[in-house]
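Participant: how does the following fold in three dimensions:
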Amino acid sequence: MRGAGPVRKTGAVIASSALPSAAPRRREPAVLLAVGLVALVVSAIGAKSMGTWLLEVLAALIGAVILVATYRRFPLSPLAYRLILAHSLILMIGGHWTYAEVPAGDWVRDTLGLTRNPYDRLGHFAQGFVPAIVAREILLRRTPLRPGRWLAALVLCVVMAVSATWELFEWLSAVVGGSSADDFLGTQGDVWDTQWDMFMAGVGAITSLLLLSRVQDRQLRTLGRTDTGAAQR
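Facilitator: Model prediction:
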């Protein structure tokens, strides 16, 4: 019993010393959410078409609701939250100007002598780049899968399914809205736009897996979440 006091004291010291480094991690999602909400409001001000703006930012709005609702029982890694915010900002910029008329895209088109504004391609690259990290984290934490080829293959399949679902949503918008959905579709006269969109999502997913898999693994180990799925099973 005499040794119990020092042990408890040492544990308290360790716990208290961990608080400064843990507190910023807990605050970061709230800060990122606040930044996203401010950006959302700014992107709506003076938007070319509020209907197009809403369609473009719809994925970000749905994602934000899901992340807030699941934060306490399934918080994601800092990498995932940061990438989700970056993707949301891309969606908001496209919603404000429409993808075919984003000024930065016009500048790139004119500078490189392209035939179309390439911002839409960036948006679909992000549609693969960011969901790949989110899908990879969920699979690592909720299934017996471990880093390797099978995990990468399944992540790519998930990303391509997400991309195909989005293209079907665009098709439905065109069926319902007719020519009024042209700004949302942003095809810019390219008959192969759907195929290019899915291709860019696939390229984004592969790039993300190659560049960020190890970073994500380190963060999950630091947070002690890599074995969550296996433990639950």
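
Participant: check which helix or strand the residue nearest to the spatial centre of the chain maps to.
Facilitator: By CA atoms, centre = their mean, the mean C-alpha position of the chain lies nearest to residue 84, the distance being 3.2 Å. Assigned by DSSP states H and E, residue 84 belongs to helix 78-97.

Participant: can you give me the mean pLDDT across that helix?
Facilitator: For helix 78-97, the mean per-residue pLDDT is 96.

Participant: return the distance of whatever helix or strand comes next after it from the chain's centre.
Facilitator: On the C-terminal side of helix 78-97, the closest following helix or strand by DSSP H and E is helix 103-112. Taking CA atoms, centre = their mean, to the nearest Å, the mean C-alpha location of helix 103-112 is offset from the chain mean by 25 Å.

Participant: next, the angle helix 78-97 makes with helix 103-112.
Facilitator: In terms of direction (axes from the mean of the first three to the mean of the last three CA atoms, to 10 degrees), helix 103-112 departs from helix 78-97 by 80 degrees.

Participant: buried residues in helix 103-112, which are they?
Facilitator: Buried residues in helix 103-112, defined by neighbour count with 16 or more other CB atoms under 10 Å: 105, 106, 108, 109. All C-beta spots, glycine's among them, are computed from the backbone N, C-alpha and C.

Participant: how close does the first one get to residue 76?
Facilitator: Just to be clear, that refers to residue 105. Applying CB to CB, to the nearest Å, one obtains 30 Å for the distance of residue 105 from residue 76.

Participant: one more: the third one?
Facilitator: Distance of residue 108 to residue 76, computed by CB to CB: 32 Å.

Participant: also the second one?
Facilitator: The spacing between residue 106 and residue 76, counted by CB to CB, is 35 Å.

Participant: picking that back up, buried residues in the helix holding residue 84?
Facilitator: Of the residues in helix 78-97, those buried by neighbour count under the rule 16+ other CB under 10 Å are 78-85, 87-97.

Participant: ditto for stretch 43-63
Facilitator: Neighbour-count burial for stretch 43-63 flags 43, 47, 52, 53, 55, 56, 57, 59, 60, 63 (criterion: 16+ other CB under 10 Å).

Participant: mean confidence (pLDDT) on stretch 207-215, please.
Facilitator: For stretch 207-215, mean pLDDT rounds to 97.

Participant: for it, buried residues please.
Facilitator: 208, 209, 212, 213.

Participant: ok, and what's touching it?
Facilitator: The list of residues contacting stretch 207-215 from outside it, by CB atoms under 8 Å, 6 or more residues apart in numbering, reads 79, 125, 128, 129, 130, 132, 133, 136, 147, 152, 155, 156.

Participant: sounds good, over and out.
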